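Chemist: Curious how this folds, go ahead:
(chains A and B)
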Amino acid sequence: MTAPAAPQELSLLRLYVLRAIYFLIAFGEGSQVVPALFAHEPTARGVIPALLSGLCLLCLLGLRYPRAMLPLLLFEMAWKYIWFFAFGLPQYLSGQVPPTFAEDFPAITFGVAIMPFVIPWGYVWRNYLIAAGDRWR
Amino acid sequence: MNAATGFWRRGGEEVSLARLYLMRATALLGIWGLFATVQTLFVHDALDRGVHKALIGGLWLMAVFALRYPLKMVPILLFEMTWKLVWLLAFGLPQYWSGTGSPRLGEDLWSIGAFPFVCAIVIPWGYVWRHYVRAPGERWR
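Modeler: As a prediction, the model looks like this:
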């Protein structure tokens, strides 16, 4: 089984969990959003499919470098939490929902539910909060 | 700062100080430029879909981290460049050439379409090459 991880390291189990999420985003979410790049209304603004496709593409790199690509997962978690608390939950509670709600709510809430268990918080704390910042001079 | 390192030269460091300032300036530009959208997270139409605004809110938060840790947040810059390039190729340019596009095409061509070129200048490609291409992948067993 996995040996205890050194402070800068992650356990093998954690690496696999991270890779599973990168895989899920790249291929699971990717299969939903990438087709919209090729088949869409001629006047579609396209910002959402482009953003999500970009995320899916870069998650491929996360399979090789799960630690170094962590900012992508932090971003994924951040925007889903923001959506959930600023839009999803208030709309759900008020009963007034946009037509896209039935599709968005389960997909985004799934991310809200699982991401806190995926992110290696100790590692994020050490490397993205208390670590010295890059130099200024 | 060791002898070979200057403002413009990276010497023994990962990137030059000039590069770090350029990356931080880009983060500041993002924090400033996206702030108007971040405010709409608190005040918006009750039936707003909100996905676009939430995505921008997430990016804004990442830009705050990038101010302190520009190098660790390089994946976000790569992401910025990638999605904007995807937008330009799948939406911006085809719509521009066909003459039929979204009502906000003109504005988006600048705010989104021009940005991959900015990212291409800001991203420390040597660092990316060393850490995200040449570096051995994380262990599998």
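
Chemist: what's the neighbour count on A:L13?
Modeler: Neighbour count for A:L13, taken as other CB atoms under 10 Å in any protein chain shown: 11. The C-beta positions use only the backbone N, C-alpha and C, and glycine is treated the same way.

Chemist: so it is in which element?
Modeler: For A:L13, the host element (DSSP states H and E) is helix A:12-23.

Chemist: hey, where'd the helices end up in chain B?
Modeler: B:17-33, B:35-39, B:51-68, B:74-87, B:93-98, B:105-108, B:115-122, B:125-128 (DSSP state H).

Chemist: Could I get the buried residue list for the longest one?
Modeler: Under the neighbour-count criterion of 16 or more other CB atoms under 10 Å in any protein chain shown, helix B:51-68 has B:51-63, B:65-68 buried.

Chemist: Kindly report the same for stretch A:13-25.
Modeler: The neighbour-count check on stretch A:13-25 (16+ other CB under 10 Å) flags A:R14, A:L15, A:V17, A:L18, A:R19, A:I21, A:Y22, A:L24, A:I25 as buried.

Chemist: what does stretch A:48-62 give?
Modeler: In terms of neighbour count (16+ other CB under 10 Å), stretch A:48-62 has its buried residues at A:48-59, A:61-62.

Chemist: circling back to that earlier point, for whichever helix or strand comes after the helix holding A:L13, give me every contacting residue.
Modeler: With elements assigned by DSSP H and E, the helix or strand that comes after helix A:12-23 is helix A:30-33. The contact list for helix A:30-33 (CB atoms under 8 Å, 6 or more residues apart in numbering or on different chains) reads A:P49, A:L52, A:S53, A:C56, A:L57, A:C59.

Chemist: among these, which are in reach of chain B?
Modeler: Contacts with chain B within these, counted by CB under 8 Å from any CB of the partner chain: A:P49, A:S53, A:L57.

Chemist: So which of those residues are in helices?
Modeler: A:P49, A:S53, A:L57.

Chemist: how about those residues in a markdown table, adding pLDDT?
Modeler: What follows is these, written out as a markdown table (pLDDT from 0 to 100):
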| residue | pLDDT |
| --- | --- |
| A:P49 | 93 |
| A:S53 | 96 |
| A:L57 | 96 |
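
Chemist: And those residues, which is closest to B:V128?
Modeler: Minimum distance to B:V128 across those is 14.8 Å, recorded for A:L57 (CB to CB).

Chemist: Identify the residues contacting residue 15.
Modeler: Using chain A. Neighbour list for A:L15: A:P66, A:R67, B:E138, B:R139, B:W140 [criterion: CB under 8 Å, 6+ apart].

Chemist: not what I meant, chain B
Modeler: Neighbouring residues of B:V15 by CB under 8 Å, 6+ apart: B:L71, B:P124, B:G126, B:Y127.

Chemist: Please determine how far the first one is located from A:L58.
Modeler: Relative to A:L58, B:L71 is positioned 17 Å away (criterion: CB to CB, to the nearest Å).
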